[in-house]
Structures are given as structure tokens and as C-alpha cells.
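Visitor: I would like the atomic coordinates for the input below:
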Amino acid sequence: MASALGAPILILPSIGFFTYLMGASAIFIWIFSVIQGTLQNVAYAELATMFPNATGIPGYAQAILCKGSNRSPCLRFIGGLSAWGYLVGWGFVPAIFALQITTYLTQLVPVTVAWSGAISSLVIGGLVFLGVFLVNYRGLGNSAKLAYLLALVSLIPLFIITIAPLINGAFKLSNITTNWLPVAWKWDPFHLALMFGIFGMAEWSACASEAAAVYGPEYKKPGSDLPKALFACGVVSFFTYSIVQASATGTLGVEGILAERLSPLLPLAKVSFGPVGTYMTIAMLIAAMVLLIQMASLTASRTMYSMSISGNLPKVFARTNKYGTPVIAMMAIVLLNLVLILVGSPEAIVAASCFGYMLAHGVTLFSYVKAKRDANLKNVVRSFRAPAGWIFIALFYGLFTLPLCFIGLIFLNGYSLGWLPTFIGFSALAAYVPLWLYSRKKELKNTFPP
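Guide: Here you go, the predicted structure:
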């Protein structure tokens, strides 16, 4: 749960972008998306108790679609592709926040502005990745200690900074009510497609509390502990996402956020606490982003490990050290993100990452529907059951994510970010095909280890 508490910080790259596209109504986008994530977590909590040894979202679809001698290669491929999409969703996060850390550090240490953006981002990102790797190397217990510390020094100040304007009078409701939607907004097919794409990007951030389920096998009592962790992270996310966007919009106004599009919390802190508060905010946000990079590295490497032991990736990624950490997978994630840093735009990498994340959620929700109706699965003993009729909620959000938000994101990218994010996202998903074919060939020749 501690490792998943970094999820609320995922809002940072999108505050300015969403305000640019939706005005003050971005508040509604976040609230809707956090509710979506919380309701999805109820289904995931049930799957967690059905498959206590599965590694969260990437493990559930594989357990339902890939296991059993009667499973077709097509189902196996879809289950593995879902897990690969989850890997793309979380595996790009370290590069996103290495770029964000660089942006904030240039405000703290102006001399770094003279450096090349790519060089400074690579240096800063490399140092952060190395530190996170060394901490994660010794296993989840060691990582959780750092996560608790970083959560304490990041989430609490974040809460204070966003609440302060409500107390000191800097918050003005008129900044929200008079700028609810952009002047050019129309409820036509063009803008509806744009809105579905925005919902897709919001899902990448606001539904991320499910990362607590990735460590399912590590819980002492998965059947009871895991649902509690999911619900606790969901509650934290609900209050954080709604309060941060509302406070920033009400205090700064739409124009104020757009003036500092990549780092809108800095002027928010300055309004609340003056210049000293700005420096405190930078330190706090950097701590929060390090927490998130650690969380994403753990989640992505665990996903690779899960896919490898399921036969959907080469078995080299299943190798662990004496602490049970998949070190080869962690090293692959570090190298991937050093390359991604060269893209240079956090918003573009988020948009590319969203394709994989939405694919993973959509397939997993459809897998939940299958698990509830499959004669071989619906009677599996579980210590937690979602309320009656939850299958319809899972089906609704599955269809909402795939295809509506997925297609909407393609449209959004072409309209506002160019085609690079779509190219990166689809190329990353397509890279799974040769890896899966290679793994299947090896599996047919050799028996995978238990």
C-alpha cells in the first residue's frame, strides 16, 4: 500500500494540459475518473482473492485467459498483450517524472537552465534511477520503508498547499464558475471525441491506485489485506485528485495555470506561502516524484516477472536475486526510460503510455466478466465478493475504456500533441509480438520452471 501511495502525484503532468483543453471542467474529469478507478478496484479486489498468487492487473488476465491446456493461442496472446500494455502504462512513468524533476530543479537551481535539456534530464534521471534501483534491489521490505518516508514528506505538504488557499481567502469560486468550459467548446462529435481522449489520459493517472494489487503474492493475507489496500489507496486518490485541480483552478484561474503549464503548483505555493513556500514545494514535489519513480519501477519490473513466469516473455526476466527482486527486469526498465527521456515532452510520453494502460484495464475488466460467467471459474472460492451486479459495472467501464477512450486518445493526440505519442504507443505495443513468438517457441521446446 505504501508503494502505491505515489499514485496521486500522477496528476502533475496533466493539470496544465487538461486546463488548456477543458478549462475549469477538468475538475469534473478527475472526479469522474477517480470514481471509475475506485469502482474498478472492487472488481480487482475480488480477482485478487480468486488468484492470490497473481501479480495484480497483469496477472489476472493471464490467469483467466492463458492458463490451461485447452486455452487457444489467441486467448494466450490477448492475456499476455494485456499484461504488456500494463507494462507500457507503468514502464514509461520514470522517464515522465525524470523530465518533471528536471523542470522543477531548474526553478530551484537556475544555473542548470544553461545546460542542454536532454543532457540535464539524462544526468538527473540516471542518478534518480540508480538510487531507486539500489533501494529496490533489496526487496519490497526495504522499498516500503522508503515509500513510507517519501509519502510522509510529499503527500502531507501537498495536501496543506492545496488546502491553504481555501483558508487564507486566495481561493475564488468565480475562477471556476466563469471559466467552466473554453469559449470555443461545442457539444459536437469533434469535441466529444476530444473529451473521450481526455478521459483516457485521466484514467492513466486517476485509476492508478490499483498498483497496490501488483504485490498480491507479497501480502501476508492477500484475501483480506489486498482489498483493504486497494480501498485505502482509492480514498487517498479521490480526495487528492479533486482537491488539487479545484484548488489550483480556484486560486490561479485558468490563465494562471496556463502561464505555468508544466509546474502549476509552484505559483500555487507562492500564493499561499510566499517565495519560501515555493522552495519548500519544489523539495516536496521532487520527493513525491522520486516515490512515484520507485513505485513505477517496482510495478513495471513485477509485470515483466509475471509475464515471464507465465510464458509470455523470455524467461530471463524471471530471474531474481536472493531478496526475490527481478533485477534483470528492473535493469531493462531503467534502460528503456533513459531512451524515453530523449523524447523531451512529459505530456507526449503520458499520451503514449495511456494506450497500454487502457488496453490492460479494458482486457482485465472483460476478463472479470468472463471469470464471473465461466463455469470453471465462477465457483472458485474467494474471501471477498463484489456486490451483486458488479459484472455490469465492469462491463460498462470495459466498453468505456475500449474502444471509446482508446479511439478518443488517438484523436486527441492528432489534434493537440501530434502523431509522435501515437507512434510511440503503438510501436511499444507492437514490440510484444516478436517477444511473445520467441517465448512460445522456447516454451514448446523446453519446459518452463515452476
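Visitor: alpha carbons only for contacts and neighbour counts from here, please
Guide: Noted.
Visitor: so for the strand or helix carrying Phe411, mean pLDDT?
Guide: Assigned by DSSP states H and E, Phe411 belongs to helix 406-412. Mean pLDDT, helix 406-412: 92.
Visitor: could you list every helix and strand that that helix packs against?
Guide: helix 189-206, helix 346-373 (3 or more CA pairs under 8 Å, 6 or more residues apart in numbering; DSSP states H and E).
Visitor: just the CA trace of the helix or strand just after the longest one, in PDB.
Guide: To tie it back to what came earlier, the one meant is helix 346-373. As assigned by DSSP H and E, the chain's next helix or strand after helix 346-373 is helix 390-399. Taking Å, rounded to 0.1, in the frame of the first residue of the first chain, the C-alpha atoms of helix 390-399 are listed here in PDB:
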ATOM      1  CA  TRP A 390     -20.900  -5.700 -10.300                       C
ATOM      2  CA  ILE A 391     -20.300  -7.600 -13.500                       C
ATOM      3  CA  PHE A 392     -22.400  -4.900 -15.300                       C
ATOM      4  CA  ILE A 393     -20.200  -2.100 -13.900                       C
ATOM      5  CA  ALA A 394     -17.100  -3.900 -15.000                       C
ATOM      6  CA  LEU A 395     -18.600  -4.400 -18.500                       C
ATOM      7  CA  PHE A 396     -19.600  -0.700 -18.700                       C
ATOM      8  CA  TYR A 397     -16.100   0.500 -17.800                       C
ATOM      9  CA  GLY A 398     -14.500  -2.100 -20.100                       C
ATOM     10  CA  LEU A 399     -16.600  -0.800 -23.100                       C
END
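Visitor: contacts for helix 390-399, please.
Guide: Residues from elsewhere that reach helix 390-399, judged by CA atoms under 8 Å, 6 or more residues apart in numbering: 36, 39-40, 43, 361-363, 365-366, 368-369, 372.
Visitor: thinking again about what came up before, most packed of the helices and strands packed on helix 406-412?
Guide: helix 346-373 (a mean of 24; mean count of other CA atoms under 10 Å).
Visitor: now for it, which elements pack on it?
Guide: helix 26-50, helix 56-65, helix 73-91, helix 93-108, helix 189-206, helix 390-399, helix 406-412, helix 420-430.
Visitor: tell me what angle that helix forms with helix 73-91.
Guide: Angle, helix 346-373 to helix 73-91, by axes from the mean of the first three to the mean of the last three CA atoms, to 10 degrees: 140 degrees.
Visitor: ok, Leu75 touching Leu65?
Guide: Yes: Leu75 lies in contact with Leu65 (CA atoms under 8 Å); the separation is 5.4 Å.
Visitor: between the two, which is the more surrounded one?
Guide: Between Leu75 and Leu65, Leu65 has the larger neighbour count (other CA atoms under 10 Å), namely 23 against 16.
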